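*Asks:* what's the 3D shape of this:
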Amino acid sequence: EARRIAWEEGLIPFDLATGPLLRATLLKLAIDDHILLLTMHHIVSDAWSAGIFFQEFSELYESFSSGRPLSLPELAIQYADYAAWQRTSFSGEVLNHQLAYWREQLKGAPPVLQLPSDRPRAKEQTFHGSHETISFSGETARALRKLGQQEGVTLFMSLLAGFQTLLSRYSGHDQIVVGTDLANRTTTETERLIGFFINLLALRVDLSGNPTFRELLGRVREVALGAYAHQAMPFDKLVEELQPDRNLSHNPLVQVLFVMQNLPRQKREITGLTLEPFELPTTRSKFDLAVFVVDGGDELTCYWLYSTDLFDATTIQRMARHFETLLTNAALQPDARLSALEMLSEEERLEQDAGKQQKKQSQLKKL
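*Replies:* Below you'll find the model as predicted:
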């Protein structure tokens, strides 16, 4: 019943003109078991902000329950100050410099990443979605970390290189655009603010020429560092300036997202209270496909969020298995060409070989 209430609460729309943009509901399951539903519009908060919110919530709870004075320090600035600064500073030469980089970076990129789907793309997105959770083995995670240290790339860059390779295999394209979310808090003053700072970066990687995986890591590193240096360009402003063909059937510029989550949700212990996440089923997807990776140290957990208008769960599960196999082989054979990196399981290879043999015999019979 609590999940039903929570799900229905999440469907209630917000009125940006009148507010409120944050709603709170407390559900009592037992005398010592409650669920606090916090429903907020994305325009006032992001994932980093959620971490700040719960830290401050915990400190305030401690103060009120113990009768101590409030201990939170005053903020030097508010989100409105940041918004005003962004509006005034992001213009003229600064805007032109940022825009010139992104024009060059996305020049000639395919407008839509066409992945093989279970159903044709509808004329208009419904954003119906679901998700699958797949964890990598510790062996694969350790091998990727070791390769990254050798090549001077982050774990995110290594994973992105593997993901770009997977998408290239599936789509047949060698120019792949994948979006990623960035916290976009580049100043000390913004680190403790609650607000919407996150920005979407469109990372376009060239996989042409059948490079080795080691060579691809270098390409991904260059693209990522260039994007980080130009992260101030708001994605909506970029779309406005580049003016791609707009179509209700897909998102402009970016249809697939890949994000490394560095804010894992954990239990939080405060005086007389334990806070832990209350999981709800995923029913919405803003993208065709979005993969969120949580680094658990010994293992990597991937959340594959996908459009149910396009894909079945079995398709996403198979894609996730291919991703792990591809990454495992890439970490062990970084000097192998991308085309030589195996992504099929032993069972899939046997099925594929049997299919080829059957087709060959059928052709011989016709002759």
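*Asks:* State the mean pLDDT of stretch 117-124.
*Replies:* Stretch 117-124 comes out with an average pLDDT of 96.
*Asks:* got the end-to-end distance for it?
*Replies:* End-to-end distance of stretch 117-124 (CA to CA, to the nearest Å): 16 Å.
*Asks:* Start the count at 44 instead of 1 going forward.
*Replies:* OK, 44 is where the count begins now, so the last one is stretch 160-167.
*Asks:* Can you list the buried residues in that stretch?
*Replies:* For stretch 160-167, a neighbour-count test (16 or more other CB atoms under 10 Å) marks 160, 164 as buried. To be clear about C-beta, it is placed using only N, CA and C from the backbone, and glycine gets the same treatment.
*Asks:* and what of stretch 112-132?
*Replies:* 122, 125.
*Asks:* got the contact list for residue 367?
*Replies:* 177, 179, 180, 183 (CB atoms under 8 Å, 6 or more residues apart in numbering).
*Asks:* Pull the contacting residues for the closest residue to the second one other than its chain neighbours.
*Replies:* Once flanking residues are discounted, residue 179 sits nearest to residue 343: 4.2 Å by CB to CB, 6 or more residues apart in numbering. Under the criterion of CB under 8 Å, 6+ apart, the neighbours of residue 343 are 178, 179, 183, 184, 202, 336, 337.
*Asks:* Now residue 53: closest residue in space, sequence neighbours ignored.
*Replies:* Looking at residue 53 with CB to CB, 6+ apart, the closest residue is residue 82, at 5.9 Å.
*Asks:* buried residues in stretch 339-346?
*Replies:* 343, 345, 346.
*Asks:* Wait, residue 210 touches residue 218, no?
*Replies:* No: contact criterion CB atoms under 8 Å: residue 210 and residue 218 do not qualify, at 10.6 Å.
*Asks:* Could you check which of those two has the larger neighbour count?
*Replies:* Neighbour count, other CB atoms under 10 Å: between residue 210 and residue 218, residue 210 has more, with 23 against 16.
*Asks:* gap between the two ends of stretch 78-95?
*Replies:* 19 Å.
*Asks:* Ok, stretch 282-289 next?
*Replies:* 10 Å.
*Asks:* How about stretch 143-162?
*Replies:* End-to-end distance (CA to CA), stretch 143-162: 38 Å.
*Asks:* which residues touch the closest residue to residue 372 other than its chain neighbours?
*Replies:* Nearest residue to residue 372 in three dimensions, chain neighbours excluded: residue 384, at 4.9 Å (CB to CB, 6+ apart). Counting by CB under 8 Å, 6+ apart, residue 384 touches 208, 256, 369, 372, 373, 376.
*Asks:* cool, residue 210 as well?
*Replies:* 156, 158, 216, 219, 221, 299.
*Asks:* and with 10 Å instead?
*Replies:* Contacts for residue 210 (CB atoms under 10 Å, 6 or more residues apart in numbering) come out as 156, 158, 216, 219-221, 248, 250, 299, 301, 332, 362, 366.
*Asks:* Restricted to helices, list these.
*Replies:* Residues of the contacts of residue 210 located in helices (DSSP state H): 362, 366.
*Asks:* would you list the contacts of residue 210 in a markdown table and tack on neighbour count and distance to residue 50?
*Replies:* Shown next, in a markdown table, are the contacts of residue 210 (neighbours: other CB atoms under 10 Å; distance: CB to CB, whole Å):
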| residue | neighbour count | distance to residue 50 |
| --- | --- | --- |
| 156 | 21 | 31 |
| 158 | 19 | 29 |
| 216 | 17 | 37 |
| 219 | 22 | 35 |
| 220 | 22 | 33 |
| 221 | 24 | 30 |
| 248 | 22 | 38 |
| 250 | 21 | 40 |
| 299 | 21 | 26 |
| 301 | 22 | 27 |
| 332 | 24 | 23 |
| 362 | 22 | 27 |
| 366 | 22 | 30 |
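*Asks:* could you redo the contacts of residue 210 as CSV and give each row distance to residue 324?
*Replies:* As requested, the contacts of residue 210 are exported to CSV (distance: CB to CB, whole Å):
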residue, distance to residue 324
156, 27
158, 24
216, 32
219, 30
220, 29
221, 26
248, 33
250, 35
299, 22
301, 22
332, 18
362, 20
366, 23
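*Asks:* and of the contacts of residue 210, the nearest to residue 109?
*Replies:* residue 301 (43.8 Å; CB to CB).
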